[in-house]
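Participant: Test case, fold it:
(2 chains)
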Number of protein chains: 2
Amino acid sequence: MSTTTPRTDQPARHAPPGPAGLGVGMRLSLHPHTDDFVDVILGALEDVEAAGLTDGLVVETDEVSTYVGATEAPAEQRLAAYLTTLVTAASRRCSGGHVVAHVLLSRGCPGEVSCDLATTGLPHADPVDLPPSGLPAIAQWSLYPLLDGDGGGGDHMAPIEEAIAAARRSGVATAPRHYATRLAGDLSQVVATAVDAWARVGATVPRVVTHLTLSLGSPSVTEETR
Amino acid sequence: MSTTTPRTDQPARHAPPGPAGLGVGMRLSLHPHTDDFVDVILGALEDVEAAGLTDGLVVETDEVSTYVGATEAPAEQRLAAYLTTLVTAASRRCSGGHVVAHVLLSRGCPGEVSCDLATTGLPHADPVDLPPSGLPAIAQWSLYPLLDGDGGGGDHMAPIEEAIAAARRSGVATAPRHYATRLAGDLSQVVATAVDAWARVGATVPRVVTHLTLSLGSPSVTEETR
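Facilitator: The predicted model follows:
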């Protein structure tokens, strides 16, 4: 994650906050549609930990969902790798049956954290780099730039429209849905699309949340609808 | 839903847009954690239709989720009744096993629709009135007032904090979670809390989205954690 280069005629800028200072993280819930769902979920959580993918992350599971907070950069890469591996593990553990994950990714302030960005600016994140999972996924994706009506300029729709346009150019965004955008492709591609868009908006908007519903192995999906 | 009374020294105000004009509706996905999930979901959708609860709503199910759009007032009441009845039906059809519903409720413009609110203002909605379901539910709830940075004033955190405070006073909001608020109580209470807060914010903020993860019959819930 690079920092903004200071202009020589301005007061020295401090480095932007790190992931913890910006409250970068996610909540996710995993839904294996099977009687053995407890074993699938617990097993998938163990698989991700055994793969070393909890480094630089705090993981707390409660009775509804799991919080994954980034404590070390590169935050977006760690979160995306954790998510993709977890969902892949769950899919494998229920033999490719129907698994859905709901994900809320959040960054910025005010909200989860308070921070003073006046002298630091916002961090820029590199695009995430994930190996193909080999699993086709369909998703519904929504993006919320949380602006304040304080005359700072900007409108909340512009970053959303840019993000959707970028996802269409990559071929991952396939169609609008009421209140969301449909994404389809390899699970890694779909996750990367949403995470990268969220981070890109977060380079200019102090507070950004994105929601992603990932669906694998749905019986509703046929060759015609894929 | 009442309209604002015009002041006699101002140009006549038109009635605020109706539910369709404001794009009021929801997307929801239902996750029965059982091998029989297809039958449970399809059966629950049929149950809600048989109960006459699709009147004044458009319902479209795709491969990931179901869109429920309100075409007639009282929109919030219709959406809340649909949601509560659907989840109750799903819980009954899988014998009280673990069912999760993820819900995105959306209203306003720009976004789903374009609208000109300059001469109409925003509608006010009455609180929803739902009979107790008899089912205990836990939820994680997040609320997104989507402002523009155009000097119109306001900050996105104030409506969120007010909504959480109201939910705490009613006893339904029980604890903060990273990025969300924990709600607990009868399913109808939990749904009403989230829907009413979303509609109240929507009386002053043109575009508001709220996400709700409803969890019933979770094996993680014990008497100590309820």
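Participant: chain center to the top helix by length along chain A: distance?
Facilitator: For chain A, the helix with the greatest residue count under DSSP state H is helix A:75-93. For helix A:75-93, the separation from the chain centroid amounts to 11 Å (computed by Cα atoms, centre = their mean, to the nearest Å).
Participant: what do you get for stretch A:188-198?
Facilitator: Mean-position distance between stretch A:188-198 and its chain equals 6 Å (Cα atoms, centre = their mean).
Participant: What average pLDDT does it get?
Facilitator: The pLDDT scores in stretch A:188-198 average 97.
Participant: just stretch A:163-174 next, same as before
Facilitator: 91.
Participant: hang on, isn't A:Thr204 packed against A:Pro159?
Facilitator: Yes: contact criterion Cβ atoms under 8 Å: A:Thr204 and A:Pro159 qualify, at 7.4 Å. For glycine as for every other residue, the C-beta is placed from the backbone atoms N, C-alpha and C.
Participant: Neighbour count for those two, which is higher?
Facilitator: A:Pro159 (22 against 13; other Cβ atoms under 10 Å in any protein chain shown).
Participant: For that one, what is the enclosing helix or strand?
Facilitator: Take DSSP states H and E as the rule and A:Pro159 turns out to sit in helix A:157-169.
Participant: ok, back up a step: just confirm yes or no for the following helix or strand past the longest helix of chain A near chain B.
Facilitator: For helix A:75-93, the following helix or strand on the C-terminal side (DSSP H and E) is strand A:99-108. Yes: using Cβ under 8 Å from any Cβ of the partner chain, strand A:99-108 comes into contact with chain B via A:100, A:102, A:104, A:106.
Participant: Among the residues you listed, which one sits closest to A:Val24?
Facilitator: A:Ser106 (7.5 Å; Cβ to Cβ).
Participant: and the closest one, what does it touch?
Facilitator: Applying Cβ atoms under 8 Å, 6 or more residues apart in numbering or on different chains to A:Ser106 gives the contacts A:23-27, A:112, A:208-209, B:178-179.
Participant: Which of these fall within helices?
Facilitator: Those of the contacts of A:Ser106 lying in helices (DSSP H): none at all.
Participant: ok so, going back, from the residues of strand A:99-108 next to chain B, which is closest to B:Ala167?
Facilitator: Of these, the one sitting nearest to B:Ala167 (Cβ to Cβ) turns out to be A:Leu104, at 18.3 Å.
Participant: Surely the closest one touches B:His211?
Facilitator: Yes: with contacts counted by Cβ under 8 Å, A:Leu104 reaches B:His211, the gap being 7.1 Å.
Participant: which neighbours do the two share?
Facilitator: Joint contacts of A:Leu104 and B:His211 (Cβ under 8 Å, 6+ apart) are A:211, B:142.
Participant: just to revisit the earlier point, list of residues touching the helix holding A:Pro159?
Facilitator: A:141, A:143, A:145, A:173, A:176, A:181, A:183, A:193, A:197, A:200-201, A:204-205, A:208, B:110-111.
Participant: mind listing which of these are in strands?
Facilitator: The strands, defined by DSSP state E, take in A:141, A:143, A:145, A:173, A:176, A:181, A:183, A:208 from the contacts of helix A:157-169.
Participant: Would you point out the most distant pair within the residues you listed?
Facilitator: Longest span within those, Cβ to Cβ: A:Pro176 and A:Val208, 20.1 Å.
Participant: neighbour-wise, which of these two wins?
Facilitator: Set side by side, A:Pro176 and A:Val208 show more neighbours around A:Val208, with 26 against 12, by other Cβ under 10 Å.
Participant: residue contacts, the more buried one?
Facilitator: Counting by Cβ under 8 Å, 6+ apart, A:Val208 touches A:106-108, A:143-146, A:159, A:198, A:201-202.
Participant: and those as TSV, adding distance to A:Arg93?
Facilitator: Formatted as TSV, those follow (distance: Cβ to Cβ, whole Å):
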residue	distance to A:Arg93
A:Ser106	28
A:Arg107	30
A:Gly108	34
A:Leu143	30
A:Tyr144	32
A:Pro145	36
A:Leu146	36
A:Pro159	37
A:Trp198	28
A:Val201	34
A:Gly202	33
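Participant: Buried among those residues? Need that as a selection in ChimeraX.
Facilitator: To isolate the buried members of these in ChimeraX, using 16 or more other Cβ atoms under 10 Å in any protein chain shown:
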select /A:106,107,108,143,144,145,146,159,198,201,202
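Participant: so what's the backbone phi/psi at the residue nearest to A:Ala81 when sequence neighbours are not counted?
Facilitator: Closest residue to A:Ala81 apart from its sequence neighbours, by Cβ to Cβ, 6 or more residues apart in numbering or on different chains: A:Leu53 at 5.6 Å. Torsion angles at A:Leu53 (phi, psi; degrees, to the nearest 10) stand at phi -90, psi 10.
Participant: do A:Val48 as well
Facilitator: Residue torsions, per degrees, to the nearest 10, at A:Val48 are phi -70, psi -40.
Participant: Does it touch A:Tyr82 like I think?
Facilitator: Yes: assessed by Cβ under 8 Å, A:Val48 is found in contact with A:Tyr82 at 5.9 Å.
Participant: between these two, what contacts are shared?
Facilitator: A:Thr54.
Participant: Now the most centrally placed residue in chain A: which helix or strand?
Facilitator: With distances taken as Cα atoms, centre = their mean, A:Val195 lies nearest the centre of chain A, 3.9 Å away. A:Val195 belongs to helix A:187-201 when assigned by DSSP H and E.
Participant: okay, and the helix or strand of chain A with the least pLDDT?
Facilitator: Lowest on mean pLDDT, DSSP states H and E among the helices and strands of chain A sits strand A:173-177, with a mean of 87.
Participant: buried set for that strand?
Facilitator: The neighbour-count check on strand A:173-177 (16+ other Cβ under 10 Å) flags A:173-174, A:177 as buried.
Participant: What of stretch A:97-113?
Facilitator: A:97-112.
Participant: Which two among those are spaced furthest apart?
Facilitator: A:Gly97 and A:Pro110 (41.2 Å).
Participant: Please give me every residue in contact with the closest residue to A:Leu183 other than its chain neighbours.
Facilitator: Leaving out its chain neighbours, the residue that sits closest to A:Leu183 by Cβ to Cβ, 6+ apart is A:Ala139, at 4.3 Å. Listed by Cβ under 8 Å, 6+ apart, the contact set of A:Ala139 reads A:182-184, A:190, A:194, A:212-215, B:64.
Participant: mind redoing it with 7 Å?
Facilitator: Applying Cβ atoms under 7 Å, 6 or more residues apart in numbering or on different chains, we find A:Ala139 in contact with A:183, A:190, A:212-215.
Participant: just checking, A:Gln189 touches A:Ala173?
Facilitator: No: contact between A:Gln189 and A:Ala173 fails when scored by Cβ atoms under 7 Å: they sit 10.8 Å apart.
Participant: and for the two, which residues touch both?
Facilitator: Common contact partners of A:Gln189 and A:Ala173 (Cβ under 7 Å, 6+ apart): none.
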